[in-house]
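Q: can't give you the sequence, but here's the structure:
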């Protein structure tokens, strides 16, 4: 038996593309006017031949074909042209707004969805599609209370509508998720605020003055903090300055009950190598003098066995005097370290001259 010829496979996308080249279905005219023949102009004129309702219906049908093929931008263009044709039939105009809203939902143009659905509800307050598409757009915009309201209004019209019921559940679930996130966010803000207040109070109690006046501007990795112990202890970044050689070291977490010698013994071990910048080998713990200055430019000499807490107490102003204390600049307390003797005395003299 002879084999019959088989039909060529149907390519829907290619067919729609071919339709774009047919003058009657063209969305735009060719850019070069010279390419337009009399026949082309005559055929294109047919698109706008008829009443506004007939013209709009023609564009609507073409838009529907593109929408079914998920070519939403092209479909939107046809629906726009249909609306621009100014149809007079209310039901036709309503369907155009709803179809355009469906396109804009797919294109994530949620504001346009709400505008078109609002136009429908003005003339038809019972439009389930308008309520449904509005609810979907509102959920996408994270406006869940309004989405729930849209669903409830639709259910007043058709209580058993499965699509609306599913959307209502989705909106309520999303609202609960938003509320949980907001609750966690507010709790976090409250905890951070309480923690900052506790830290500011602790600094004030210890005669430490932050520059600027709060610690909010200090980078997070340089922030002083309170331990979780009871009672909590203060940890501060402390900058050891060696002005003789323009060098420095940072103790990122100096616990307030720690002695200065505990850190100095680690930085300048008795049998360890001297720093490369210590040309004369003068920086050994027994030969070092430590100083701190207060906000009022009082110079405090620090015993190496002194704790940070004791230094803070020593920085307080005497009763009746102007408030004084150690300055926390850029998140750090600064301690000057010098070799005893001539270098030390010269630095003290220079400090006093600057203070005057």
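A: Structure's in. What do you need? The structure presented is a predicted model; accordingly, all values stated were derived computationally and were not measured. Residues are numbered from 1 along each chain as shown.
Q: next helix or strand past the least confident helix or strand in the chain by mean pLDDT?
A: Least confident helix or strand, the chain: helix 38-47 with a mean of 52, by mean pLDDT, DSSP states H and E. Proceeding N to C from helix 38-47, the next assigned helix or strand is helix 52-68, under DSSP states H and E.
Q: pull out the buried positions in that next one.
A: By 16 or more other Cβ atoms under 10 Å, the buried positions in helix 52-68 come out as 52-53, 55-60, 62-63, 65-67. No exception for glycine: its C-beta is placed from N, CA and C like everyone else's.
Q: and that helix, what's its mean pLDDT?
A: If you average the pLDDT over helix 52-68, you get 95.
Q: packing partners for that helix?
A: Applying 3 or more Cβ pairs under 8 Å, 6 or more residues apart in numbering; DSSP states H and E, one finds that helix 52-68 contacts helix 38-47, helix 72-84, helix 90-106.
Q: can I get those helices in JSON lines with distance to residue 309?
A: As requested, the helices and strands packed on helix 52-68 are exported to JSON lines (distance: least, Cβ to Cβ, whole Å):
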{"stretch": "helix 38-47", "distance to residue 309": "87"}
{"stretch": "helix 72-84", "distance to residue 309": "69"}
{"stretch": "helix 90-106", "distance to residue 309": "64"}
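Q: output those helices in JSON lines; the columns should cover distance to residue 270 and mean neighbour count.
A: JSON lines is the format used below for the helices and strands packed on helix 52-68 (distance: least, Cβ to Cβ, whole Å; neighbours: other Cβ atoms under 10 Å):
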{"stretch": "helix 38-47", "distance to residue 270": "97", "mean neighbour count": "12"}
{"stretch": "helix 72-84", "distance to residue 270": "78", "mean neighbour count": "20"}
{"stretch": "helix 90-106", "distance to residue 270": "76", "mean neighbour count": "20"}
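Q: where among those is average confidence lowest?
A: Minimum mean pLDDT among the helices and strands packed on helix 52-68: helix 38-47, a mean of 52.
Q: so where do the strands sit in this protein?
A: In the chain, the segments counted as strands under DSSP state E are 208-211, 225-226, 234-242, 247-255, 288-293, 299-302, 326-329, 333-339.
Q: redo those strands as a markdown table? Include mean neighbour count.
A: Converted to a markdown table, the strands of the chain look like this (neighbours: other Cβ atoms under 10 Å):
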| stretch | mean neighbour count |
| --- | --- |
| strand 208-211 | 19 |
| strand 225-226 | 16 |
| strand 234-242 | 20 |
| strand 247-255 | 16 |
| strand 288-293 | 19 |
| strand 299-302 | 14 |
| strand 326-329 | 20 |
| strand 333-339 | 21 |
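Q: to residue 318, which of those strands lies closest?
A: Counting by Cβ to Cβ, residue 318 lies closest to strand 299-302 out of the strands of the chain; the figure is 13.4 Å.
Q: what's that closest one packed up against?
A: Strand 299-302 packs on strand 288-293, helix 308-314, helix 342-355, going by 3+ Cβ pairs under 8 Å, 6+ apart.
Q: closest to residue 244 out of the ones you listed?
A: Of those, nearest to residue 244 by Cβ to Cβ is helix 342-355, at 5.4 Å.
Q: in the closest one, what's buried?
A: Residues 344, 347-348, 351 are the ones in helix 342-355 that count as buried (16+ other Cβ under 10 Å).
Q: and the angle from that helix to strand 288-293?
A: Angle, helix 342-355 to strand 288-293, by axes from the mean of the first three to the mean of the last three Cα atoms, to 10 degrees: 10 degrees.
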